[in-house]
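1. coordinates only, sequence not included:
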């Protein structure tokens, strides 16, 4: 032990008393820091500075009409991109765009074809086609830029899809709404037709009696026929108007029946979204009780939850009256749904009030009262339980009721059309009979028997028509169909255009890319620093006054290298924090783990060179190259070839970077403990190699060194 200390003390003395050596040593200590700092700063926020990436956009869309509404999605895309500063959008013609991307003036080009809107509009036709946006990318310019420009193109496609769904759904719901309003306006006319048919049916016995007694009271019969003839033009006019309207009603409701199959799962999706909104309150309480979380993250989360609850309350205002109308049609089969939705709405209102109170307290720099947090957790749980009960009964009770209600409305409309068709078909016969009856009465009793025969046929038709009307009335009223069709089409289209909102939860938020990469570049610089030290400073002890044993030289000289390596680590990690201002949650742990990494790396590199000489330096560089790709420091290890995935668990970088990430983003003790245990294993294996092989390999290589010197 004494000799080991002597070697170390002499090395320190030689360094501190020789100014030239001291300058070189200080340079070796500082070089790894420069390597780490320049790389971290260069990658500080690459994805936040993409506005300079030029992408050409050429719009050739000529537009179209959708159900009479002008539609030009190309112009909408251009308008939205002008407000988008994530990429450098350049709005040019197609010729300039294509020439620019070929010559590298633009990283990519997006061309919107002339038939873009027209093709999308076919979605509401019998032969829908998918529209295309042409995307050209120049991959020669940069390896990463195609990925960034591709995400921009994907964002355009997503925005177009959302806008079209909003437009198309708005058109469909507006048709339903207009149909409901028209039905409401025509309802008095339809009721008049029904009343007059029933009245005619009721008068037929009287008409038959008049015919039977025509010979006795020809004048009375003539008055009765005249009365019916006066009412007949009104009946004919009303029935003809109702026939065309009923046909349109049947067409629209047939489409509604098909749409019902799509609406049912969307309604369930709405309920699931509302349940997630309720659960957001419970998740929020966990965030509020974490004293270590960034207040800015808490405020952002509170604002997001408040907006989401507000949106959930708006959705409630649509779902509750819709389910109430549907419940009437289904015969009170799902009356529990609007009742529970109203209870859920009240809970959401309480949640919103609690979240806003907590948000005000935090923005004022105060700690929210615990009873507010507990109350929020309780109300959120109760709201979630209400939605859970509804969802548990959805597939078995609610969904069949939705489909049944729409189908019942369709059947009702079809029967209304059938009744009116029969009415229109029967009225000419009635008119003819009454005309003939009038003529017969004028000529006397000679035509009474013939009139009576035809009158019986007409009576049968009117009776059948009245019977169908009564069946229609018993199965459901036309007012129920009107209530179901009428809706706020703008709100419905907006909701179905974006029914689900992605809620992102950052467990360990790191504000910039450079801070996230600091564990990798800092760890890499420490290995580079260790390699520089063994490349410029010898691992052997050259002295004539004393002969040391191999293990004494090994440990004595290692203490010198360890001291310099620890200085390198302290400068790298403290510079990351205090010079670059990198985001680090646990600064002390970051510096400490950097010292651990530096000590282990120095031991491994020092041992390779101490045992194998110049070959060891080459091995240290080979290990560096393998660890760059096999440690998962940049890309996830799962994205690398199988070879690097296989060596990943056996590389010290794997565990060194993992430890440093825990200090940067947020520490999980068992991960740090596991990584430290693996680093200890590397230390043990390295010491065994160094102590067991140093003496025999040094003795074997001594002869080779002498021959090499003679050759020189």
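-> In hand now; what should we look at? Since this is a predicted model, take the numbers as computed values, not measurements.
2. and residue 27, what element?
-> helix 19-42 (DSSP states H and E).
3. If we go by neighbour counts, what in that helix is buried?
-> 25, 28, 29, 30, 31, 32, 33, 35, 36, 37, 39, 40 (16 or more other Cβ atoms under 10 Å). For glycine as for every other residue, the C-beta is placed from the backbone atoms N, C-alpha and C.
4. Let me see the residues that make contact with the helix or strand immediately after that helix in the chain.
-> Using DSSP H and E, the helix or strand that follows helix 19-42 in sequence is strand 54-59. Residues outside strand 54-59 that contact it (Cβ atoms under 8 Å, 6 or more residues apart in numbering): 74-75, 77-78, 81, 87-94, 96-97, 100-101, 105-112, 149, 152.
5. Okay, and which of these map to strands?
-> Among the contacts of strand 54-59, the members falling in strands (DSSP state E) are 88, 89, 90, 91, 108, 109, 110, 111, 112.
6. Reformat the residues you listed into CSV and put pLDDT, distance to residue 598 and neighbour count next to each item.
-> Output for those, formatted as CSV (pLDDT from 0 to 100; distance: Cβ to Cβ, whole Å; neighbours: other Cβ atoms under 10 Å):
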residue, pLDDT, distance to residue 598, neighbour count
88, 81, 42, 15
89, 83, 47, 20
90, 87, 48, 17
91, 90, 53, 12
108, 85, 43, 26
109, 88, 49, 28
110, 87, 49, 24
111, 90, 54, 20
112, 88, 55, 24
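7. which SS state does residue 508 fall under?
-> coil (DSSP: H, G, I helix; E, B strand; the rest coil).
8. what's downstream of the helix or strand of the chain with the lowest mean pLDDT, the next helix or strand?
-> None of the helices or strands of the chain scores lower by mean pLDDT, DSSP states H and E than helix 489-497, at a mean of 49. Later in the chain than helix 489-497, the nearest helix or strand by DSSP H and E is helix 513-536.
9. State the mean pLDDT of the next helix-or-strand element following that next one.
-> Next helix or strand after helix 513-536 toward the C-terminus (DSSP H and E): helix 550-578. The average pLDDT for helix 550-578 rounds to 87.
10. got the buried residues for the helix or strand immediately after helix 550-578 in the chain?
-> Per DSSP H and E, helix 550-578 leads on to helix 587-612 as the next helix or strand towards the C-terminus. Going by neighbour count (16+ other Cβ under 10 Å), the buried part of helix 587-612 is 587, 589-591, 593-612.
11. Which strands or helices does the helix or strand following helix 587-612 pack on?
-> Later in the chain than helix 587-612, the nearest helix or strand by DSSP H and E is helix 614-630. Helix 614-630 sits against helix 513-536, helix 587-612, helix 642-647, helix 652-665, with contacts defined as 3 or more Cβ pairs under 8 Å, 6 or more residues apart in numbering; DSSP states H and E.
12. tilt between the first one and helix 587-612?
-> Looking back up the chat, that one is helix 513-536. Counting by axes from the mean of the first three to the mean of the last three Cα atoms, to 10 degrees, helix 513-536 lies at 30 degrees to helix 587-612.
13. which helices and strands sit right next to helix 513-536?
-> helix 19-42, helix 550-578, helix 587-612, helix 614-630, helix 652-665.
14. how about the ones you listed, which one is nearest residue 520?
-> Comparison of the helices and strands packed on helix 513-536 against residue 520 by Cβ to Cβ identifies helix 652-665 as nearest, at 5.5 Å.
15. Just want the angle from that closest one to helix 587-612.
-> Using the same axes, to 10 degrees: helix 652-665 against helix 587-612 is 170 degrees.
16. what helices or strands is helix 652-665 leaning on?
-> For helix 652-665, the packing partners by 3+ Cβ pairs under 8 Å, 6+ apart are helix 513-536, helix 587-612, helix 614-630, helix 669-711.
17. How about residues contacting the shortest one?
-> Residues from elsewhere that reach helix 614-630 (Cβ under 8 Å, 6+ apart): 524, 527-528, 530-531, 534-535, 604-605, 607-610, 612, 637, 640, 644-645, 647-648, 651-654.
18. Ok, stretch 580-591 next?
-> 37, 40-41, 292, 508, 510-512, 514-515, 518, 569-570, 573-574, 576-577, 660, 662-667, 672.
19. can you rerun that using 6 Å?
-> 40, 510, 511, 515, 518, 573, 576, 577, 663, 664, 666, 667 (Cβ atoms under 6 Å, 6 or more residues apart in numbering).
20. Max pairwise distance over those residues: which two?
-> Maximum distance among the contacts of stretch 580-591 (Cβ to Cβ): 20.5 Å, for 40 and 667.
21. can you tell me which of the helices and strands packed on helix 652-665 comes nearest to residue 388?
-> From these, taking Cβ to Cβ, the stretch that ends up closest is helix 669-711, at 33.6 Å.
22. And the helices in the stretch 301-450 of the chain?
-> Ranges of helices in the stretch 301-450 of the chain, per DSSP state H, counting those that start in this stretch, are 336-363, 370-392, 399-443, 448-475.
23. Pick out the shakiest of these, pLDDT-wise.
-> Looking at these, the bottom one is helix 399-443 with a mean of 62.
24. tell me which residues of stretch 126-134 are tucked away?
-> Buried, per 16+ other Cβ under 10 Å, within stretch 126-134: 131, 133, 134.
25. still on that earlier bit, with mean pLDDT added, can I get the helices and strands packed on helix 614-630 in TSV?
-> Listed next are these as TSV, based on pLDDT from 0 to 100:
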stretch	mean pLDDT
helix 513-536	90
helix 587-612	92
helix 642-647	90
helix 652-665	92
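26. For burial, what's the neighbour tally of the closest residue to residue 630 other than its chain neighbours?
-> Nearest residue to residue 630 in three dimensions, chain neighbours excluded: residue 644, at 4.1 Å (Cβ to Cβ, 6 or more residues apart in numbering). Residues near residue 644, counting by other Cβ atoms under 10 Å, number 19.
27. Quick check: residue 91 vs residue 59, distance?
-> 7 Å (Cβ to Cβ, to the nearest Å).
28. Cheers, nothing more for now.
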